[in-house]
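Engineer: just a sequence and a predicted model for now, questions to come.
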Amino acid sequence: MTEWLDANPDILRLLVMSEIVAEARERLFDYLNQCEQNVLKSDCPLHPLEQKNVRSCIAVFRNLISEGNERKTGHSCLAIIWEMATEHWKQEDWPDVSDAFLGEMAHLFKGVIGLSGIYSKSGICKREVPEFVHLEGREAAEARSVHLDQKANQYEEFISQNEYMTGLHPMVKKSRDEMRARILRYLGAEERDWADYKWQLRHRFQRLEDIAEIISLSDEEEEMIRATTRHRLPFGITPYYLSLMDMESSLSGRDRSLRAQVIPNRIYLDTYLKACSGGRESLDFMHERDTSPEQSVTRRYAMIAIVKPYLWCPQICVYCQRNWELADEEDDHAEPAFQDLEKAFDWFRSNPSISEVLITGGDPLTVSNEMLEYVIRNLFEMEHIRRIRIGTRTLVTMPMRFDEELLRILSAYHKPPFKTVTMMTHFQHAYEISEETAEAALKLKRAGIDIYNQQVFTLYNSRKFETSFLREQLRAIGVTPYYLFNLKGKEETANFKVPVARLLQEQKEEARLLPGTVRTDKPVFNVPTLGKNDLNAWQDHDIVMIHKDGSRIYEFYPWEKYMAPVNTFLFKDEPIGNYLAKLEELGEDIQDYRTIWYYF
């Protein structure tokens, strides 16, 4: 744990020389100013990219030692490193400070003097510069093409080595055909039943003994399903989605993302049950209650609002934003009363600035066709509503829902350029893609209906090139990657969390290798009440502190920041060190992720 002390002898010396924290702060500000002046000199030997990283590290370091940020966050990493450097703490007391925190400090200490190691050990980069940089014309072009081949091959090698696959792969298709036959035998059903979405809804798997007859479960999975049943928590898996899972489970198996989405984990269960005892509203991370001007309506933006005609899903994602208000199918409040929906429609009629509506829930495609058409028709008939989105996961969990009758309804109200219907879906992992989903997507595309995907970035799809592979495969079946969401900071999702830095790294080092038509998704963080924040724009967020457990504390600035003086939002992130340890457990070589510390 003492390696951080050797990362930058100058910083250590300044800390040791200081009698009090205030003196250390003054000395470090002077030191950072000098580091910045050094890197801005015309004769600075560092490579320009290393110089840029130095300036970024200096900006972050200044934030961390700022008195204002200490007051804002109630934490001082400067006090911690000063006390550790001056031995005010005995080493046996250090366990309260995590290795993840020390890792952050060590990388930052090296970063401010150009020793990040991203490009070279010295930061000067002479031997490391690609050959084409020193060439011109056709010779440069040919050398650059070879360099780009190496980058493309890196992607292909990762895909091959990690055996990233979809259900379109012949081996996977064969396995799923067998799984489907197994499920049909167990349920005493026939092939024609499988294609009936109502049959799929009626035969959702909810009991441990039934699920265990189809797939092997780990001890923890068995315990969690048993507990979910005992506490009567909303839970279920459609026969179709269960058929996407592999017979055997493993920590790094291809279906681990699918299992993790629908089978609760211990942290989720304990947090959810605790919230239930005091009111599930505490799980409302996005503060939808504060942005609902009418029952079943949510509005965070100028020209679009949400309507929720149904608060039930055939299967609930463990990290669901609306788990606090989702109900069982049998609950009275799963489907809003008719008068509540009428009030919602009246609200839309009285707000002509709204030109777009997202129909969501719950999953609105689990309602009857009559109910769905009633909702769409009411919105369609409002002159100011030009675009209707439908947020659904049935394309992933129950693609047979897209039958002729549903396509007829959607086509009847899709009348471009005056009125359009758009499908918003939620593929999490390439392993969810199958022949059935590809066929359903093709039906929608033939009807002229666009399909956009909103992915949540989690531990279970964040391995190197894993999300890039998903993007490429979605495009192949006609689905456009739209948003890449940083996982919301809900307590019950701790098992899924990925640092913001990893999402930024994925964007720059992996997605950037793909053609622009494939990497169309925008990485965002959802600020409670206020909405989406562009993670690619550093002016929209700052690192203001690093907690002793290694968590970066971000301050997010809302999208209205230049229009109105609205509040900012502080967010405590997943420690990078902890995340890398989880990747290592999954069999990843964490050297492949070594630049993550310098994404801010």
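Structural biologist: Okay, I see it.
Engineer: which ones are touching Ile183?
Structural biologist: By CB atoms under 8 Å, 6 or more residues apart in numbering, the contact list for Ile183 reads Ile214, Pro239, Leu242, Ser243. From N, CA and C alone the C-beta is placed, and that goes for glycine too.
Engineer: just these now: which is nearest Phe525?
Structural biologist: Leu242 (32.5 Å; CB to CB).
Engineer: what helix or strand is the closest one on?
Structural biologist: helix 239-243 (DSSP states H and E).
Engineer: for that helix, packing partners?
Structural biologist: For helix 239-243, the packing partners by 3 or more CB pairs under 8 Å, 6 or more residues apart in numbering; DSSP states H and E come out as helix 170-187, helix 394-397.
Engineer: export the ones you listed to a markdown table and tack on distance to Pro528 and mean pLDDT?
Structural biologist: Formatted as a markdown table, those follow (distance: least, CB to CB, whole Å; pLDDT from 0 to 100):
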| stretch | distance to Pro528 | mean pLDDT |
| --- | --- | --- |
| helix 170-187 | 39 | 97 |
| helix 394-397 | 26 | 97 |
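Engineer: mind checking the SS state of Val456?
Structural biologist: Classification of Val456 by DSSP: H, G, I helix; E, B strand; the rest coil places it in strand.
Engineer: run through the bridge partners of it.
Structural biologist: Phe485 (DSSP bridges).
Engineer: contacting residues for it?
Structural biologist: Val456 touches Cys317, Tyr319, His426, Gln428, Phe485, Leu487, counting by CB under 8 Å, 6+ apart.
Engineer: what about this structure, any weak spots by pLDDT?
Structural biologist: 1-2, 88-95, 251-252, 278-283, 286, 322-338 (pLDDT under 70).
Engineer: just give me the longest helix of it.
Structural biologist: The longest helix of the chain (DSSP state H) is helix 137-161.
Engineer: now do the buried residues in it.
Structural biologist: Neighbour-count burial for helix 137-161, counted by 16 or more other CB atoms under 10 Å, picks out Ala143, Gln154, Tyr155, Phe158, Ile159.
Engineer: doesn't Gly137 make contact with the first one?
Structural biologist: No - judged on CB atoms under 8 Å, Ala143 makes no contact with Gly137 at a distance of 10.6 Å.
Engineer: re earlier: now the helices and strands packed on helix 239-243 in CSV, with distance to Glu560?
Structural biologist: Shown next, in CSV, are those (distance: least, CB to CB, whole Å):
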stretch, distance to Glu560
helix 170-187, 46
helix 394-397, 33
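Engineer: tell me the most buried of the ones you listed?
Structural biologist: When the helices and strands packed on helix 239-243 are scored by mean count of other CB atoms under 10 Å, the highest mean neighbour count falls to helix 394-397 (a mean of 27).
Engineer: what segments of the stretch 501-600 of the chain are strands?
Structural biologist: Applying DSSP state E, counting those that start in this stretch to the stretch 501-600 of the chain gives strands spanning 522-527, 531-534, 541-546, 552-556, 569-572.
Engineer: just to revisit the earlier point, need the contacts of Ile183 in CSV with neighbour count and distance to Phe457, can you?
Structural biologist: Converted to CSV, the contacts of Ile183 look like this (neighbours: other CB atoms under 10 Å; distance: CB to CB, whole Å):
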residue, neighbour count, distance to Phe457
Ile214, 19, 29
Pro239, 24, 28
Leu242, 23, 25
Ser243, 24, 26
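Engineer: between those residues, which is nearest Phe132?
Structural biologist: Ser243 (48.9 Å).
Engineer: check contacts around the residue most central in space within the chain.
Structural biologist: Residue closest to the average C-alpha location in the chain (CA atoms, centre = their mean): Phe457, at 2.4 Å. Applying CB under 8 Å, 6+ apart to Phe457 gives the contacts Thr467, Leu484, Phe485, Asn486, Leu487, Val498, Arg502, Leu503, Glu506, Pro523.
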